[in-house]
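Engineer: Return a 3D structure for these sequence lines:
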Amino acid sequence: MTTHTARRTGRPAPPTWRNWAGNATARPLRTSAPSTTEALAEVVRRAAEDGLTVKAVGTGHSFTAVAVTEGVLIRPDRLTGIRRIDREAGTVTVAAGTPLRRLNEELAAQGLSLANMGDIMEQTVSGAVSTGTHGTGRDSGSLAAQVRGLEMVLADGSVLRCSAEGAGENPDVFAAARIGLGALGVISEVTFAVEPLFLLTAREEPMRLDAVLEDFDHLVRDNEHFEFYWFPHTDRCVTKRNNRTGGPAAPLPRLGAWLEDELLSNGVFQAACSVGRAVPAAVPGIARIAGRALSARTYTDIPHKVFTSPRRVRFVEMEYALPRAAAVEALRALRAAVDGSDLRVNFPVEVRVAPADDIALSTASGRDTAYIAVHAYRGTPHERYFTAAEQIMVAHDGRPHWGKLHSRDAEYLAGVYPRFAEFTALRDRLDPGRTFGNDHLRRVLGD
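Structural biologist: Take a look at the predicted model:
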């Protein structure tokens, strides 16, 4: 089909698409970058008529092949911008391809903010929502949990709007589509809950891993947003506690922020990872140095300047969501697995939390959750480490992050998501011909 169509149109083949980590590629028959919902609907309608699959890509920050297609690839570049702000309702409606960075900056200029966000701002809003992107929060959940409405183009080119309330607003679709993996349709716009801009005081300080695990429940309970990074091969962690404050603002000095975030967190870390990849035996020593390199600091700023930070060192990642009560036991098991093997781990382990929510495929669906994320520098062998970590997470009924590496299939996932069948039944109804399917979705959702 590809060769025949290319010859018939006389057009050159579209360029290969690669994700941020470089571990997933797509060679679509054609690409499109619509700028309106109507144009998007026409692209999907034409693809369906031609018997082609359709996938929308964001900025490629998923580590899986969730967006890969050999059919029509929809790019987000022109479907951007805030469409409506409703201050009375406390919502903002934004085009699906808008980068989170742009959304956060424009909201701040309007004196508004999301309640919570992840630690990077490079993703598009639809990509971040669809794969369950989250930060850390005792009371406030993922980006998808902050969604109040969606507009979505279905496989026949029709446009469906959904929300939790309102006549004709398809609440059954809304219950599932907030984290839809691109399997139900192509999102064209997202409506988020927003609130008046506020300040966060960030307290970052080193701690011993044993002390963090011993006091984990209290640290989560006593802070609105708590997370920590543990450096394998050491007992060293960096903890982060973000809490709302009445001010005044006390941002990091620009030079101090650059030294800490750009030079140490990115520049020095890049060099350390490169050395560790070339000389694996050096990794434990590098980890001990890295664990001591970052000092305590406290600052107060608007949310997106506290929650997020630049991530310029490229890596691959696996993250599992566990029942929060299982986090400490799982982390101790992970530490024992690393210490009792010849594994050389050159990236810190990240631990975050989220409250239970009501989204069918949310990793926090129905249970208070702790997230444990393992990483490996791009180009470093990671399979043994990820497999060892995954075995521990699966033993605790772990749910893998939808945008990160894992080996689970639909049979396993149906057992850890009580509403899994609800989602797949909706998929059968909205996309019976699998216009939005691909090999990855066949593995994780079944066919």
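
Engineer: Please count neighbours and contacts with C-alpha atoms only from this point.
Structural biologist: Fine.

Engineer: so what's residue 95 bridging to?
Structural biologist: As for beta bridges, residue 95 partners with residue 189 under DSSP bridges.

Engineer: Enumerate every residue touching it.
Structural biologist: Contact analysis of residue 95 by C-alpha atoms under 8 Å, 6 or more residues apart in numbering lists 79-83, 188-190.

Engineer: which of the residues you listed count as buried?
Structural biologist: 79-82, 188-190 (16 or more other C-alpha atoms under 10 Å).

Engineer: which SSE is the spatially most central residue of the chain in?
Structural biologist: Centroid check for the chain by C-alpha atoms, centre = their mean gives residue 133 as the closest residue, at 3.0 Å. If you go by DSSP states H and E, residue 133 is not part of any helix or strand.

Engineer: Repeat that for residue 42.
Structural biologist: Here residue 42 is assigned to helix 37-49, by DSSP H and E.

Engineer: my read: residue 304 touches residue 104, true?
Structural biologist: Yes: Residue 304 is in contact with residue 104 according to C-alpha atoms under 8 Å; the separation is 6.5 Å.

Engineer: re earlier: against residue 319, how distant is the residue nearest to the centre of the chain?
Structural biologist: Taking C-alpha to C-alpha, to the nearest Å as the measure, residue 133 falls 11 Å from residue 319.

Engineer: cool, and residue 329?
Structural biologist: With C-alpha to C-alpha as the criterion, residue 329 and residue 319 are 16 Å apart.

Engineer: List the contacts of residue 57.
Structural biologist: Contacts of residue 57 by C-alpha under 8 Å, 6+ apart are 67, 73-76, 127.

Engineer: Angles on the backbone of it, please.
Structural biologist: When read as degrees, to the nearest 10, the backbone of residue 57 gives phi -110, psi 150.

Engineer: Kindly report the same for residue 51.
Structural biologist: phi 70, psi 30.

Engineer: The spatially closest residue to it that is not a sequence neighbour: which element?
Structural biologist: Among residues not flanking residue 51 along the chain, residue 435 sits closest, at 8.0 Å (C-alpha to C-alpha, 6 or more residues apart in numbering). Assigned by DSSP H and E, residue 435 belongs to no helix or strand.

Engineer: ok, residue 435 touching residue 155?
Structural biologist: Yes: if you go by C-alpha under 8 Å, residue 435 and residue 155 touch, sitting 6.0 Å apart.

Engineer: Find residues that contact each of those two.
Structural biologist: Each of residue 48 lies in contact with both residue 435 and residue 155 under the rule C-alpha under 8 Å, 6+ apart.

Engineer: which ones are touching residue 151?
Structural biologist: 159-162, 187-190.

Engineer: quick check, residue 93 in a helix?
Structural biologist: No: using DSSP: H, G, I helix; E, B strand; the rest coil, the assignment for residue 93 is strand, not a helix.

Engineer: and it, what is it in contact with?
Structural biologist: Counting by C-alpha under 8 Å, 6+ apart, the residues that residue 93 touches are 82-85, 189-192.

Engineer: Output the strand or helix carrying residue 423 as CSV, restricted to C-alpha atoms.
Structural biologist: Element membership of residue 423 [criterion: DSSP H and E] is helix 420-430. Below are the C-alpha coordinates for helix 420-430, written out as CSV (Å, rounded to 0.1, in the frame of the first residue of the first chain):
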residue,chain,number,x,y,z
PHE,A,420,-9.8,-2.2,32.4
ALA,A,421,-12.8,-3.9,30.7
GLU,A,422,-14.7,-0.7,30.9
PHE,A,423,-12.0,1.0,28.9
THR,A,424,-11.7,-1.7,26.3
ALA,A,425,-15.4,-1.9,25.8
LEU,A,426,-15.5,1.9,25.1
ARG,A,427,-12.6,1.4,22.7
ASP,A,428,-14.6,-1.3,20.9
ARG,A,429,-17.6,1.2,20.6
LEU,A,430,-15.6,4.2,19.5
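
Engineer: so how far is that helix from its chain's centroid?
Structural biologist: Averaging C-alpha positions (C-alpha atoms, centre = their mean, to the nearest Å) puts helix 420-430 22 Å from its chain's average.

Engineer: right, and residue 181 touches residue 402 too?
Structural biologist: Yes: using C-alpha under 8 Å, residue 181 makes contact with residue 402 at a distance of 7.5 Å.

Engineer: any common contacting residues for these two?
Structural biologist: Shared contacts of residue 181 and residue 402, counting by C-alpha under 8 Å, 6+ apart, come down to residue 131.

Engineer: how about the helices in the stretch 301-447 of the chain?
Structural biologist: 303-307, 327-339, 383-394, 410-416, 420-430, 439-445 (DSSP state H, counting those that start in this stretch).

Engineer: Lowest mean pLDDT among the helices and strands, pick that one out for this protein.
Structural biologist: helix 2-9 (a mean of 41; mean pLDDT, DSSP states H and E).

Engineer: ok, then the element right after it?
Structural biologist: Using DSSP H and E, the helix or strand that follows helix 2-9 in sequence is strand 17-18.

Engineer: helices and strands around the next helix-or-strand element following that following strand, which ones?
Structural biologist: Helices and strands here follow DSSP H and E; after strand 17-18, the next one along the chain is strand 25-26. Using 3 or more C-alpha pairs under 8 Å, 6 or more residues apart in numbering; DSSP states H and E, the elements in contact with strand 25-26 are strand 17-18.

Engineer: Tell me the secondary structure at residue 85.
Structural biologist: Assignment for residue 85 (three-state DSSP): strand.

Engineer: ok, now the one 4 residues further on?
Structural biologist: In three-state terms, and counting by three-state DSSP, residue 89 is coil.

Engineer: Near it, how many other residues are there?
Structural biologist: Using other C-alpha atoms under 10 Å, residue 89 is surrounded by 10 other residues.

Engineer: repeat for residue 419
Structural biologist: 18.

Engineer: pLDDT wise, what is it at?
Structural biologist: With respect to pLDDT, residue 419 scores 97.

Engineer: Please name the bridge partners of the closest residue to residue 295 other than its chain neighbours.
Structural biologist: Leaving out its chain neighbours, the residue that sits closest to residue 295 by C-alpha to C-alpha, 6+ apart is residue 205, at 6.4 Å. With DSSP bridges as the criterion, residue 205 is bridged to residue 239.
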